[in-house]
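Engineer: show me the folded form of this:
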Amino acid sequence: MYFPYLYFGLLLGLTGLSLQAQYTQYRQNRPPMWKNPQPQFAPTDSAFLGADAVIVSEQTEWRMNDLERTTTVKKQLAIRFLTPRGIALHNRITIPECTDPTYDYADLPIEKREPQQLHRPKYFDLELLYWSARLVKPDGTVQLLTCRDSIETEELFFNSRNFYAYSYVFSCPQIEVGDVLEVQYQYFLPYLFDQKRLFFHGKLPKQHYQISIIHHPREYYVWQPQNGAVCTDSVKTDKEVRHTWQYDKLPACLYETNARPYRDLPHLQYYIHNKNYGLWNEFYATDFMPYSWQYYMHDWVGFRQSVRYKQKIRLNRKEVALNNLYRAVADTMGDDAAMRPLRCWAQLQRHLNDDFDYYAQADAYANIDPRLSRLSRGSMRLLMRNINRGYVYHGLFDRIYDLDNLGANPPNEQLSVESSRGIADNRLETVAAAIDRKRLENTNADAVYTGLLNRVDAPYNRVLLNDQRVAALKPDVCTPIWGENRWLAIQADSALFYINPKTRRFGYHLNELPFYLENTVSVHAAQLTDSYQNPTAVQLYQTPYSTADDNKRTTDVNMKIDTHTREAICEARILLSGQYATLLRESYLYGTSAIAASIGNIIRDLTN
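Structural biologist: Numbers count the residues shown, from 1 in each chain. Now for the predicted structure:
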């Protein structure tokens, strides 16, 4: 009677062993021979003598295989250790290496952004093909090195589901001051990056740096070097195109606190063109062109005719629920609701902020099809991958790969799958049930906000904004978006007012932006337009900004002190405005520690 349980336990054990074997196959693979059995490294440059360690040579090769849609990365790295502190801090090599920390760590709390706390990036289905290391002593002696290895895992949210991502960590012992640690490795990824940003600088100074990116000539890569980054060599053959960037004497400045590397440091970004945008003849594009913002936002544009058609479907529970919600607020305003649409929307947004809860559903596909819950994890991933080809937007430009040229007749609507704009948005009962329960979810909040905006009868836009701590949009060049934020904006009184749809238990007010979204370029796609060719369908605007006078925290304290009992009764009122209200709202609304700390500081200052 125990045999089934024994079999199940054995099956789980074998599964774990197979997974472990899959990701540690490099231990059995023979690495290639070292190119130079007796390497001679250049002496430490005088500019880096004060450093704890210095990279004397780094050579990287990124190879994109377009037919298999795979990526292989090969690296050879040599680090000279100059102090005991350098050995303690940098004797660990983590794969994959971080080339864009401001983006890779952007979603983490500040205390976890140090590489010692949590390494980023981690990749799905990462497979290390080989690894080898050796020590080169100051006298030229070469010692092969055996490093302790481990695999770090992290559960990441991707395509509306959680998946495990991996990185390899190698701890290299027996290093002494003056030694050069030389490593070579190669890893494999069963996918391509349709866009990427690569910084040349790093955590350590680099005396010599070289990176080569190889792809097949049939693919069209749009290269966008930034801040003076110059390709030092470019070779094209019938089988491959190789671009090389080479630098000397790179200081260690990529991880500086509050730095904005994208503004100051030379770096490279690219995206893979879909070969569907350019100058067209009757049948195909004759000359490809880099994307424009009008093309990128092509399927974000909405049409007045489509909105009006939906609202006329009287038996649609979704539209009936949205009508009732709108009327419940608009009726309290009388004629002002039609005459003053901005005031009407402000009332609706306040109602959503104050009276609606918010729930983030971890699995945005839940309950769409009950058969999904019976699929194995592997089958689910295969299904998601197949869905992705047509609907789920992996990264920046995947989502527009199947659009026709701007001159074609596009469909009125396109279905997209994303955590905020998903399949669930098109399930009518989801929105109606959310309104009845007064609970927004990540699968229907977008439909509720846009449904109410359609009824306010004022022009509004979908908006893309860039987190300025990570990157910034350029109005004249369409670039990959790092640190994307999706908002809405309503047009009234010849001005734009930005709307941040509710994504937590509290909401933000109209035109309330955190500092990292202020005074930056935003891309707007009109939602009540009549044609894609309308010049106002896609436009770029500068977001508003606040001044020092707008950002204040005012505290009023009334204190009664009984000198006999030595007791004090304190009444405090704290008024937050500007960024103080935006950034600290959650702490003051739901966290007593922030309020107690503020009042405690006030009392301590008064008593002192």
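Engineer: every contact and neighbour count from this point should use C-alpha atoms.
Structural biologist: Fine.
Engineer: so what touches stretch 210-226?
Structural biologist: Stretch 210-226 has contacts (C-alpha atoms under 8 Å, 6 or more residues apart in numbering) with 58-66, 236-247, 262, 265-275, 290, 479.
Engineer: where along the stretch 1-150 of the chain do the helices fall?
Structural biologist: According to DSSP state H, counting those that start in this stretch, the stretch 1-150 of the chain carries its helices in the segments 3-23, 84-90, 101-104.
Engineer: about what we covered before: the contacts of stretch 210-226 in helices, which ones?
Structural biologist: Members of the contacts of stretch 210-226 lying in helices (criterion: DSSP state H): Y262.
Engineer: of the contacts of stretch 210-226, select the buried ones using a PyMOL command.
Structural biologist: Filtering the contacts of stretch 210-226 down to the buried ones (16 or more other C-alpha atoms under 10 Å) takes a single PyMOL command:
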select buried, resi 58+59+60+61+62+63+64+65+240+241+242+243+244+245+246+247+262+265+266+267+268+269+270+271+272+273+274+275+290+479
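Engineer: from the contacts of stretch 210-226, which land in strands?
Structural biologist: Among the contacts of stretch 210-226, the ones falling in strands (DSSP state E) are 58-65, 236, 241-247, 267-272.
Engineer: quick one: residues contacting the residue nearest the centre of the chain.
Structural biologist: Most central in the chain under C-alpha atoms, centre = their mean is G483, positioned 5.1 Å from the mean C-alpha point. Residues in contact with G483 (C-alpha under 8 Å, 6+ apart) are 103, 106, 466-468, 470-471.
Engineer: one more: P514?
Structural biologist: So P514 contacts 579, 582-583 (C-alpha under 8 Å, 6+ apart).
Engineer: state the distance from it to R585.
Structural biologist: 12 Å (C-alpha to C-alpha, to the nearest Å).
Engineer: got any residues that touch both of those two?
Structural biologist: Contacts common to P514 and R585, judged by C-alpha under 8 Å, 6+ apart, are absent.
Engineer: list the contacts of T94.
Structural biologist: The contact partners of T94, by C-alpha under 8 Å, 6+ apart, come to 119, 167-170.
Engineer: circling back: can you tell me how far the residue nearest to the centre of the chain is from L513?
Structural biologist: For G483, the distance to L513 - C-alpha to C-alpha - is 15 Å.
Engineer: likewise G451?
Structural biologist: For G451 relative to L513 (C-alpha to C-alpha), the value is 22 Å.
Engineer: helix or strand with the lowest mean pLDDT in the chain?
Structural biologist: helix 3-23 (a mean of 43; mean pLDDT, DSSP states H and E).
Engineer: give the buried residues for stretch 563-580.
Structural biologist: Of the residues in stretch 563-580, 576, 578-579 count as buried by neighbour count, 16+ other C-alpha under 10 Å.
Engineer: can I get stretch 53-62 in CSV? Just the C-alpha atoms.
Structural biologist: Extracted as CSV, the C-alpha positions of stretch 53-62 are listed here (Å, rounded to 0.1, in the frame of the first residue of the first chain):
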residue,chain,number,x,y,z
ALA,A,53,41.7,45.2,-8.1
VAL,A,54,41.8,46.0,-11.8
ILE,A,55,40.6,44.1,-14.9
VAL,A,56,43.7,44.0,-17.1
SER,A,57,41.9,42.4,-20.0
GLU,A,58,38.2,41.6,-20.8
GLN,A,59,37.1,40.1,-24.1
THR,A,60,33.5,39.3,-24.8
GLU,A,61,31.7,37.8,-27.8
TRP,A,62,27.9,37.8,-28.1
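Engineer: quick check: closest non-adjacent residue to the residue nearest to the centre of the chain.
Structural biologist: Distances taken as C-alpha to C-alpha, 6 or more residues apart in numbering place D467 nearest to G483, at 5.0 Å, with adjacent residues excluded.
Engineer: wait, that neighbour touches L473, no?
Structural biologist: No - in this structure, D467 is not within contact of L473 by C-alpha atoms under 8 Å, at 9.3 Å.
Engineer: re earlier: and the contacts of T94, which is closest to F356?
Structural biologist: Distance to F356 across these (C-alpha to C-alpha) is lowest for H119, with 37.1 Å.
Engineer: next, count neighbours for the closest one.
Structural biologist: For H119, the neighbour count with other C-alpha atoms under 10 Å is 25.
Engineer: what does Q539 give?
Structural biologist: Residues lying near Q539 (other C-alpha under 10 Å) number 17.
Engineer: give me the nearest residue to it, chain neighbours excluded.
Structural biologist: H524 (5.3 Å).
Engineer: neighbours of that neighbour, how many?
Structural biologist: For H524, using other C-alpha under 10 Å, the count is 26.
Engineer: and what of the one 3 residues further on?
Structural biologist: Using other C-alpha under 10 Å as the criterion, Q527 is surrounded by 23 other residues.
Engineer: my guess is it contacts R304, does it?
Structural biologist: Yes - the criterion here is C-alpha under 8 Å, and Q527 meets it with R304 at 7.1 Å.
Engineer: how about the secondary structure of T443?
Structural biologist: coil (DSSP: H, G, I helix; E, B strand; the rest coil).
Engineer: moving C-terminal of the strand or helix carrying T286, what's the next helix or strand?
Structural biologist: For T286, the host element (DSSP states H and E) is strand 285-288. Sequence order places helix 293-296 as the next helix or strand after strand 285-288, per DSSP H and E.
Engineer: so for the next helix or strand after that next one, what's the average pLDDT?
Structural biologist: Using DSSP H and E, the helix or strand that follows helix 293-296 towards the C-terminus is helix 304-311. Helix 304-311 shows a mean pLDDT of 74 in the predicted model.
Engineer: ok, and what's touching helix 304-311?
Structural biologist: Contacts for helix 304-311 (C-alpha under 8 Å, 6+ apart): 319, 412, 454, 527-530.
Engineer: roughly how far apart are W345 and L488?
Structural biologist: Following C-alpha to C-alpha, the distance that separates W345 from L488 is 12 Å.
Engineer: wait, is A328 part of a strand?
Structural biologist: No - counting by three-state DSSP, A328 is not found in a strand; it is helix.
Engineer: okay, now it: neighbour count?
Structural biologist: A328 has 12 nearby residues by other C-alpha under 10 Å.
Engineer: which pLDDT value goes with it?
Structural biologist: Per-residue confidence (pLDDT) for A328: 90.
Engineer: ok, it to R505 distance?
Structural biologist: A328 is 22 Å from R505, by C-alpha to C-alpha.
Engineer: low-confidence ranges in the chain?
Structural biologist: 1-23, 115-116, 159-161, 310-315, 336-338, 362-429, 592-608 (pLDDT under 70).
Engineer: can you do 80?
Structural biologist: 1-24, 66, 109-117, 157-162, 276, 278-286, 305-316, 334-339, 360-430, 590-608 (pLDDT under 80).
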